[in-house]
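Q: Sequence first, predicted model second:
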Amino acid sequence: MSEFIPGQRWISNTESSLGLGLVTSISNRRVEILFPAVGEERTYADDNAPLSRVIYPVGEHVRNASGLKLKITAFQELNGYIVYQAEDETGELSVLEEKDLDSSVHFSKPHDRLFAGQVDKLSRFQLRVETLKHQFTHLQSESYGLLGPRVQLLPHQLYIAHQVARRYAPRVLLADEVGLGKTIEAGLVLHQQLVSGKVSRALIVVPDSLIHQWLIEMLRRFNLRFTILDELRCEALELSDEGVNPFETAQLVLCNLSFLKSSPERLVQALDAGWDMLVVDEAHHLVWSEEESSPEYICIEALAREVKGLLLLTATPEQLGVDSHFARLRLLDPDRYYSLAQFRDEETGYQPVSKLVEQLLAEDAREQLKDAPEIFSQLGSYLGEEVAHELQQELENDSLDQAITDAVDSLLDHHGTGRVLFRNTRDGMTGFPQRVLHSYPLPGPDFYLESEQQLLDQADLEERLHPELILADRWLEADPRVEWLVDWLKDNRDLKALVICANAATAKSLEEHLRLYEGVRSAVFHEGMTLVNRDRAAAYFADEDESAQVLICSEIGSEGRNFQFASDLVLFDLPLNPDLLEQRIGRLDRIGQRNDVQIHVPHYEFSAQAVLLDWFHRGLNCFERACPVGQVLFDQFLEELIPALFEEFDEVHVEELITATRKEADRLLDELQQGRDRLLELNSCNPAKADLIAESMEVTGNSIELSRYMEKMFDQFGVEQQVHGSNSIILSPGDHMHYDSLPGLPAEGMTATYSRTLALGREDMQFLTWEHPLVMGTMDIVTEGDFGNTAVCSIKLPPLKPGTLLLESIYTLHCAAPKKIQIQRYLPQTLSRIVVDTNGTDLSAILTEAHINNLAERVGRRQSVEIVKHTRSEISSMVDRVEAIAETQLPAMLSEAQQKVQTLLGVEQDRLKALAQVNPNIRQEEIDYLAQTRSDLEQYLESATMKLDAVRVIIAT
Ligand SMILES: Nc1ncnc2c1ncn2[C@@H]1O[C@H](COP(=O)(O)OP(=O)(O)OP(=O)(O)O)[C@@H](O)[C@H]1O
C-alpha cells in the first residue's frame, strides 16, 4: 500500500457509496479520511486500510469541487501528491490539485470501479452472477409472490390465489365454506400483489372480534405488518401531527367496520387515503335490499367505489338471501350487477351449461359424444360452430381428451360465474374429518313444565330457544343443561371444549359458575369484553400447558375465530338460522382439525330446542355435513317452523315438516349440483392446474438450493449462522457485518428454518424462502449495488499462453420501468455473458462459465490492482469490444421480449375481448388495463439497453 499524504484521494473498498475520500491526517499509524460527499469521517490502521488510491489517467473526464467538467491532459506526482493539468470544455487549461477533485464520484460502472482499484473477491463476483440468475428465475416463476407465505400448499387455495393474483385490481368474492381458508386466500392474493408492486397500500376491514386474529395471521403467515387504527389511535396521531390523515400514516391498515361506520369523518379520511386494495371480511354483514341499504353496506360501498382492488370474504354468501348476495356482487362490479331481476334469471340459466359440462367430463364422454350428436350443437350454441366442429373432428383421435378439457375450460370461462365468485366446499375435497352429533335430551326443570306452566305459555320464541331467560335468576341451579355440562367436563377432563351460546349474559354467568363453584378451568369470550381481554381468553384456551379446559363464547365467538385445536363443541343452545349454526361448527371444523368434530347438544326434551334440533338434523342434515341450501330451506320453511316451535309438542306435525324439508333439501342439492354450484366448484379449483402450481412451487421453492445460496450470502455479509436444530438455524448480525443492518434481520438475531413443514408448526421461527424480506433484501443489495461487480482471477489452461489476458463480462437487459408493470416477466434471458481476448475475439462459447469457475484461481488484492493498472489500456479496449458485441445482441433480445409480451398479454387481451362478448363478468377496465400495460411495455422496451453489470479480468498463468 502506498504511503498516505494529506490531500490525497482514496476510495473505500467496502463502502464505495461514501464517494472520494480525502486524507486529512496521519498519526500513530492511523489515517483519518474525510468523505466530503457524505460528510463522514473514518479512521483506519495505515497498514491494512480497505482503501484504494485514486489517480485519474490522462484523457479521463472528471469534475472539480465546483462541479466544472474537465479533461485530464497531464499529471505530475509531487512526493506522492498528484497535481493534474486539465482542460475545460472551451479548451482552457488549468491546474487541478487532487484535493480539489469532486468528492461525490461514484464508480458505478464495473470497469470504472476496476480502474479505481476496487477489485472484489472472486467469490463475490460468482455470488453476484448467481444472485442475478436466482432473481430472474424467481421473478419469472408461476408461483412468484406465493412462495413466501407460511402456509400449507393446499391446491384449492393456490388455484384461487393464482387465478386472482395475476389480475389487475382483482375484484372478487371469496366464498369458500367456513374454515377452508378464505383469510389465507386473501393473504396470498394480497402478498402477491404487494411483492409484485401492483399494490402498495391496502386496507382491511373486519368485525371487531377478528381484528387481532387478522393482525397476527397477516404477520405470522405473510410477514405483513398491519397497523390497527381505531378512534384512540387516530386521535393520538392527530395530536402529535396536526392535520394529518391517520389513514395515510401507514401503508397497510386494519380497522373494524363499526369504527368506520360510526364516524363519518373517519370514513371520509379513509376514502381520501388512496388505497390500492380493500379487503372486507365477513361480508355477509353488509345487508342490502332494493329499498334500503344498511349503514355497513353504505360505508363499504363508498370505499369500494374508490378502491380499485376489492376482496370480499364470506362463508355464507346467501345467508341473508339472494338479494343480499346480489348486493355484494354489486359492490364488486356495479355495472355488471345492476338489476336484481336479471340476476335472478341468470341464476336459473346455469343448469344447461352445467349439464353439458357434466357430459363432457364423464368417463364415457367419447361414447356419449358419439351417441348423442346433439351435444355438439349445444356446444356450438355456447362456444360457436367452429369449436364444436373442431371437437367433432377429434372424436376418433387420442387428442380428444385435451380437446374436451379445452372445451370445458372455455365453457367455464364463458358461462360460469367464476371470475367474480370462488367457492370451495368440503365435498370437493378429501381429508376432512367427520362431524358427529351427540344429542342429550334432558328432562326440563319441574317448575318449568308444571307449576309455572304459564311462564312457558307466555314465552316468546327467543325465550323458548334460550330457556335460561325464562328461568331468570334461578337458571344456574334449575337448568339441567348446566348440570349436564359440569358432569361432562368432569368426566372428560382431558378434552378441551368450546361452548357456544347465543347471549353474552348467559356465557358470562355460566363461566363464572363453572370457575367459581365447580373448579373448572374456564374462560369466557363475549362482545362486552375489550379486545385485549377477548384475545387473552382465546390464548388461555389455546395454550398447550396451562390452559382452560373450556371456553364459553357468546355468538360473537362463532365468527372467524380459529379453535381447531379443540375437537369438542358444545352447543348450549341452537341458533335459528342454519348458516349461523354452520359458522359455529366451523370454529372447529376447519383446516388443521385432526380429529372428528364431536358436536354435543344438550337440550330440554319435548321443547322448542328439541324440535329445532330434529329439524336441523333430520330435515337439513346440517350437523354432520355443511348444508349449502340451509338458507334457502330456512326461508322456505320458516313459516311452518315457527308454529312448530310454539305448539305443544305435536309429533305428527313436526314429522311432516321434517319430511317435507328433507325432500326439498334433496331436490335443491341435486339442482345445485347440476347447476351453478357445480360450475362454481369446477371454476374454483381445477385440480390438474392446481397440482401444476403446487409442483412449480415445490421446484422454485427448493429449500436446499436456497439454503446453500444463503449460506454463502450470510458469509459474505458477515451474518453469523449457527445450527439450532436439525432443520433450523440461528442468524445474528456478526461483529464484521458489512452493513449496519440488513432488511428483515433484527439486531437481536432470529431463529429461522427453510423447511415449510417445520415453519408451519413453529411460528416462533422465521420461514426463509425466496420471498423472505432478508433474502429479497440482501439479493437487492447485491444486484442494485456494486457488490462483486469486478474481479480478477488467473487460470491455467494449456492452449492459452501464460500472460494471455481475457475479459469476461456480464450484461443484463436493462429497462427502466415502474415495478408494478413487472417488466422482468417479459425479458427473455436477463444475463448475457461475453468473453473476449485482447484481439477482440469472442470466446464466450469456448470458455463457458462453468469452465472458468472450475479453473479460476484467486489473485491477491494488491496483485490484482497491479495487473489492472498495467493492463488498463488493453482492458479498456476489451470493454469497448464487449460493448459492441452486446449491442449486436440487443435486437434479438428485444424481439424475444416483444414476442413474449405479445404471447402473454396479446393472447390474454384477445381472450378477454372475446369473452366479454358473451360473459358480462369481464370488466372493460381489465381489458383496458391489459391494452395499456401492453403499450407501456412496448414503449419501455424500446428504451431498453444492454447494461454492463460485472467484469472479471482473467489472466492465464
Ligand atoms: N394453507 C394453509 N396452511 C396452514 N393453515 C391454514 C391454511 N389454510 C387455512 N389454514 C388455517 O385454517 C384455519 C381456517 O382458515 P381461515 O381462517 O382462513 O378460514 P376462513 O375460510 O376464513 O374461515 P371463516 O369462514 O371461519 O372465516 C385457520 O386457522 C388458518 O390459519
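A: Cool, got the structure. Numbers count the residues shown, from 1 in each chain.
Q: Count the residues that sit near the closest residue to residue 549 other than its chain neighbours.
A: Setting aside the residues directly before and after it, residue 549 is nearest to residue 521 in space (Cβ to Cβ, 6 or more residues apart in numbering), at 4.9 Å. C-beta: built from backbone N, CA, C; applies to glycine. Under the neighbour criterion other Cβ atoms under 10 Å, residue 521 is assigned a count of 16.
Q: Kindly report the same for residue 374.
A: Using other Cβ under 10 Å, residue 374 has 8 other residues around it.
Q: how near is it to residue 559?
A: 48 Å (Cβ to Cβ, to the nearest Å).
Q: Repeat that for residue 758.
A: When Cβ to Cβ is the yardstick, residue 758 and residue 559 sit 31 Å from each other.
Q: can you pull the buried residues of stretch 147-157?
A: When neighbours are counted by 16 or more other Cβ atoms under 10 Å, the buried residues of stretch 147-157 are found to be 147, 148, 149, 150, 151, 153, 154, 155, 156, 157.
Q: What lies in contact with it?
A: By Cβ atoms under 8 Å, 6 or more residues apart in numbering, the residues outside stretch 147-157 that reach it are 138, 141, 176, 180-181, 184-185, 187-188, 191, 195, 220-223, 424, 428-429, 591, 684-685, 687, 690-691, 693-694, 697-698, 700-701, 756, 759-760, 763, 767, 769-772.
Q: change it to 6 Å
A: When contacts are taken as Cβ atoms under 6 Å, 6 or more residues apart in numbering, the neighbours of stretch 147-157 outside the stretch itself are 181, 184-185, 188, 191, 221-222, 424, 685, 690, 694, 697, 701, 759, 767, 769-771.
Q: got it, and stretch 85-94?
A: For stretch 85-94, with Cβ under 6 Å, 6+ apart as the criterion, the contacting residues are 70, 71, 72, 73, 74, 96.
Q: count of residues packed around the last one?
A: Each residue near residue 96 was counted by other Cβ under 10 Å, and the total is 24.
Q: try the fifth one
A: Residue 74 has 11 neighbouring residues, counting by other Cβ under 10 Å.
Q: so it sits in a strand?
A: Yes. Note on residue 74: a strand contains this position according to DSSP: H, G, I helix; E, B strand; the rest coil.
Q: Over to the residue found closest to it once you drop the neighbours it is linked to in the chain. Which of the three states is it?
A: Of all residues beyond its chain neighbours, the one nearest residue 74 is residue 85 (4.2 Å), with distances taken as Cβ to Cβ, 6+ apart. Assigned by three-state DSSP, the conformation of residue 85 is strand.
Q: what sits opposite residue 85 in the beta ladder?
A: Following DSSP bridges, residue 85 is listed with bridge partners residue 74, residue 95.
Q: Distance check, it against the ligand.
A: Taken as Cβ to the nearest ligand atom, to the nearest Å, the spacing of residue 85 relative to the ligand amounts to 70 Å.
Q: let's number from 14 now, not from 1
A: Happy to do that; since the first residue is 14 now, the last one works out to residue 98.
Q: burial of that residue, as a residue count?
A: Neighbourhood size, residue 98 [other Cβ under 10 Å]: 15.
Q: looking at it, the residue nearest to residue 562 is touching residue 561, isn't it?
A: Yes. The criterion here is Cβ atoms under 6 Å, and residue 534 meets it with residue 561 at 4.8 Å.
Q: Can you tell me the closest non-neighbouring residue to residue 783?
A: With Cβ to Cβ, 6+ apart as the criterion, residue 783 has its nearest non-adjacent residue at 4.9 Å, and that residue is residue 151.
Q: Which helix or which strand is home to the one you found?
A: helix 135-153 (DSSP states H and E).
Q: swap in residue 340?
A: Residue 340 belongs to helix 334-345 when elements are defined using DSSP H and E.
Q: list the buried ones in the next helix-or-strand element following that helix?
A: With elements assigned by DSSP H and E, the helix or strand that comes after helix 334-345 is helix 353-361. For helix 353-361, the buried set under the neighbour-count rule, 16+ other Cβ under 10 Å, comprises 353, 356.
Q: coming back round to it: mind checking pLDDT for the residue nearest to residue 783?
A: Confidence at residue 151, expressed as pLDDT, is 84.
Q: hang on, isn't it packed against residue 784?
A: No. Checked against Cβ under 6 Å, the pair residue 151 and residue 784 is beyond contact range at 7.9 Å.
Q: Let's test this: name the helix or strand in the protein with the lowest mean pLDDT.
A: Across the helices and strands of the chain, mean pLDDT, DSSP states H and E gives its lowest value to helix 459-462, namely a mean of 60.
Q: For this protein, what lies in contact range of the ligand?
A: By the criterion of Cβ under 6 Å from any ligand atom, the positions of the chain lying close to the ligand are 164-165, 167, 170, 189, 191-197, 328, 573, 575, 599, 603-605.
Q: out of these, which are inside helices?
A: Using DSSP state H, 170, 195, 196, 197 are the members of these that sit in helices.
Q: OK, contacts around the last one?
A: Going back to what we said before, that points to residue 197. Under the criterion of Cβ under 6 Å, 6+ apart, the contact list for residue 197 reads 164, 170.
Q: Check the spacing between it and residue 230 real quick.
A: If you go by Cβ to Cβ, the gap between residue 197 and residue 230 works out to 8 Å.
Q: Let me see the ranges of the strands in the stretch 364-513 of the chain.
A: Read by DSSP state E, counting those that start in this stretch, the stretch 364-513 of the chain holds these strands, from start to end of the chain: 434-435, 448-455, 510-513.
Q: Going by contacts, tell me the helices and strands next to the next helix or strand after the last one.
A: What that stands for is strand 510-513. Remark: after strand 510-513, the chain's next helix or strand is helix 517-525, criterion DSSP H and E. Helices and strands touching helix 517-525, by 3 or more Cβ pairs under 6 Å, 6 or more residues apart in numbering; DSSP states H and E, are strand 535-538, strand 563-566.
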